[in-house]
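*Asks:* Starting from these lines, generate the structure:
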Amino acid sequence: MSEYSVVEGQQTVKKSPSVNETLEDYTLRYAPYSFRRWGAATVAITALGGIAYLADFSIGASIGMTYGTTNALLAILFAAIIIFLTGIPLAYYAARYNIDLDLITRGAGFGYYGSVITSIIFASFTFIFFALEGSIMAQGLQLGLHIPLWLGYLVSTLMVIPLVIYGMKALSHLQIWTTPIWLVLMIGPVLYLVWQQPTLTDQFFSFQGKNGTTGADLASVMLGAGICLSLIMQIGEQIDYLRFMPAKTRENSRSWWFAVISAGPGWVILGALKQAIGAFLGFYLLTLTPGINSTEPVQQFNAAFHQMLPGGVALTLAVILVVISQIKINVTNAYSGSLSWTSAYTRVRRHYPGRIVFVLINLAIALALMEGNMFSVLGNILGFYSNFAIAWVTVVAIDIAVNKYLLKLSPKLPEYRKAMLYNVNPVGMVAFLAAAGLSIAAFFGLLGPFLMPYSPLIALVVAAVVTPIMGLLTGGKYYLKQTDDGIDETRYDTHGAPVSTLYHCVACQQSYERPDVMFSTHHNGVICSLCKTLH
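*Replies:* Numbers count the residues shown, from 1 in each chain. Purely as a prediction, here's the structure:
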């Protein structure tokens, strides 16, 4: 084997524009030890700042108004349990091995090009929810400042660009200082409303919704859960932050696990609470002022603030809450979307245009959706999208938990480099296509009217069952094309932590840590994972 160069220590190397760590945030790579300078608490708070979105309030109000309080709360609880359980293995893998959901997916059943499909699904999630949050902000600007909706859509889109360009460094500061303000503005008026009008809770729990459903109804619960489960993809955005977690050691094990669980699958606890609050505020607004759209968060909080403050102050605080929430989540949507688009495009075209290009593309798509008034068909969009999201996340979660750890059909350590993987792994692809295909068929009534409400459950069960079956049928032989990457040093130490030795890439002339490189016979030297993608 030809010699390759090892760069000892953590020396500083001059970055070219395509590998500028500040702008690119290791878009298609393992996040190296030398870049992960944040503590576990900082990463966790930054990640949790990304769930400040107000769409939860709209979702809760929408299903509460339609199916009644009992069914809405059961739907929220069911979805939260599924999201929490499936999020645990994904969050662990991201934080432990410092890779995003796309890199995880490649080695967890989908293969190198198979995960291009899932990258596009995730990118779709980010611009759909960017459009929803932008619409909510525009509604706030219209109510508070009388700004036309079309202009509000534009303002909500353009204002995040300067923040999202600079990646984790800028986002960590933004999320940390805005989180306390956001929490006070969100929780304060709700607690005051319950304290002042205690009979509201009894009325709320007895509310039957537009359908007039008495008691719990399984079909209604599943229909509501299908909307809530569209948020299962939020774990991908949490992972985009969790990949910057510090290395897990014996000394920080407790705080490391607390940060990973709370900021990973734990996001759904706060998310479910917001949905329940949305259902409550939607009911309150419906009884207080019939005729107003009770699913609009700005109207919900404007009404709640009015119970404790003068009209002008109440409206101002409601608008401030909407604006802060929109900025906190939409910088995350734009950031995560740019990562996914870049990943898919670079692998297909073998050209790396830079993450910033796809920030703008993602924002342009979201703006078009806003101008098309997608907020008016919120439930239909989320119900349809959830079928894809549930299928993908469940396949990856089951592949990690069952195929890797229980059945030992695939290597536990992650692999994402081009030359090491098959283009397509039938394990994940077949399971995903079967789960998504059957659930979408049920969603549109092609499997009969009885199964229509159960499309999310179909996606979940089929993905969970078919993934290990495919692993057993294939014997796990399609996970790795080769096991030797041509470098003697292992990528992970005896404790499973990534090795931080620096190697010099002969293609781009930059230095990268051990998990991100391999020996290339074509280049007659060590090459980084991105350069391998481009050649």
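*Asks:* contacts, neighbours, all on C-alpha from now
*Replies:* Noted.
*Asks:* low-confidence ranges in the stretch 201-350 of the chain?
*Replies:* The model of the stretch 201-350 of the chain has pLDDT under 70 over residues 211-214, 291.
*Asks:* Okay, helices next: where are they in it?
*Replies:* Secondary structure of the stretch 201-350 of the chain by DSSP state H, counting those that start in this stretch: the helices cover 218-228, 234-242, 253-263, 267-288, 297-306, 311-349.
*Asks:* With respect to burial, which of these scores highest?
*Replies:* Among the helices of the stretch 201-350 of the chain, ranked by average contacts under mean count of other C-alpha atoms under 10 Å, first place goes to helix 234-242 (a mean of 27).
*Asks:* contact partners of that one?
*Replies:* 43-44, 46-48, 50, 87, 90-91, 94-95, 98, 100-101, 122, 168, 260, 263-265, 332-333, 336 (C-alpha atoms under 8 Å, 6 or more residues apart in numbering).
*Asks:* can you redo the helices of the stretch 201-350 of the chain as CSV with distance to Ile117?
*Replies:* Output for the helices of the stretch 201-350 of the chain, formatted as CSV (distance: least, C-alpha to C-alpha, whole Å):
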stretch, distance to Ile117
helix 218-228, 21
helix 234-242, 15
helix 253-263, 26
helix 267-288, 25
helix 297-306, 33
helix 311-349, 8
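*Asks:* Just the buried residues out of the contacts of helix 234-242, in ChimeraX syntax.
*Replies:* Only the buried entries of those go into this ChimeraX selection, using 16 or more other C-alpha atoms under 10 Å:
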select :43,44,46,47,48,50,87,90,91,94,95,98,100,101,122,168,260,263,264,265,332,333,336
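*Asks:* now for the helices of the stretch 201-350 of the chain, which one comes closest to Thr199?
*Replies:* helix 267-288 (11.3 Å; C-alpha to C-alpha).
*Asks:* thinking again about what came up before, closest to Leu193 out of the helices of the stretch 201-350 of the chain?
*Replies:* Once the helices of the stretch 201-350 of the chain are compared by C-alpha to C-alpha, helix 297-306 is nearest, at 6.5 Å.
*Asks:* Tell me what angle the closest one forms with helix 311-349.
*Replies:* 150 degrees (axes from the mean of the first three to the mean of the last three C-alpha atoms, to 10 degrees).
*Asks:* Could you tell me the angle between helix 297-306 and helix 267-288?
*Replies:* 70 degrees.
*Asks:* all helices of the stretch 1-150 of the chain, in order?
*Replies:* 21-24, 40-49, 55-67, 69-97, 101-105, 114-145, 149-158.
*Asks:* okay, those helices in CSV with distance to Gln203 next?
*Replies:* Putting those into CSV (distance: least, C-alpha to C-alpha, whole Å) gives the following:
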stretch, distance to Gln203
helix 21-24, 51
helix 40-49, 32
helix 55-67, 13
helix 69-97, 10
helix 101-105, 43
helix 114-145, 27
helix 149-158, 34
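*Asks:* Could you dump those helices into a markdown table with distance to Asn302 and mean pLDDT added?
*Replies:* Shown next, in a markdown table, are these (distance: least, C-alpha to C-alpha, whole Å; pLDDT from 0 to 100):
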| stretch | distance to Asn302 | mean pLDDT |
| --- | --- | --- |
| helix 21-24 | 38 | 50 |
| helix 40-49 | 22 | 76 |
| helix 55-67 | 13 | 88 |
| helix 69-97 | 22 | 94 |
| helix 101-105 | 37 | 90 |
| helix 114-145 | 9 | 85 |
| helix 149-158 | 18 | 88 |
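*Asks:* Select, out of those, the one closest to Gln299.
*Replies:* helix 114-145 (8.1 Å).
*Asks:* now the angle between helix 297-306 and that closest one, please.
*Replies:* 50 degrees.
*Asks:* so helix 114-145 versus helix 149-158, what angle?
*Replies:* Using the same axes, to 10 degrees: helix 114-145 against helix 149-158 is 130 degrees.
*Asks:* how much space is there between the nearest residue to Ile83 once chain neighbours are set aside and Phe388?
*Replies:* Closest residue to Ile83 apart from its sequence neighbours, by C-alpha to C-alpha, 6 or more residues apart in numbering: Ile232 at 5.5 Å. Separation of Ile232 from Phe388 (C-alpha to C-alpha, to the nearest Å): 10 Å.
*Asks:* Same check on Arg29?
*Replies:* Relative to Phe388, and taking C-alpha to C-alpha, Arg29 is found at 25 Å.
*Asks:* Look at those two and report which has more neighbours.
*Replies:* Shown here are Arg29 and Phe388; by other C-alpha atoms under 10 Å, Phe388 has more neighbours (24 against 20).
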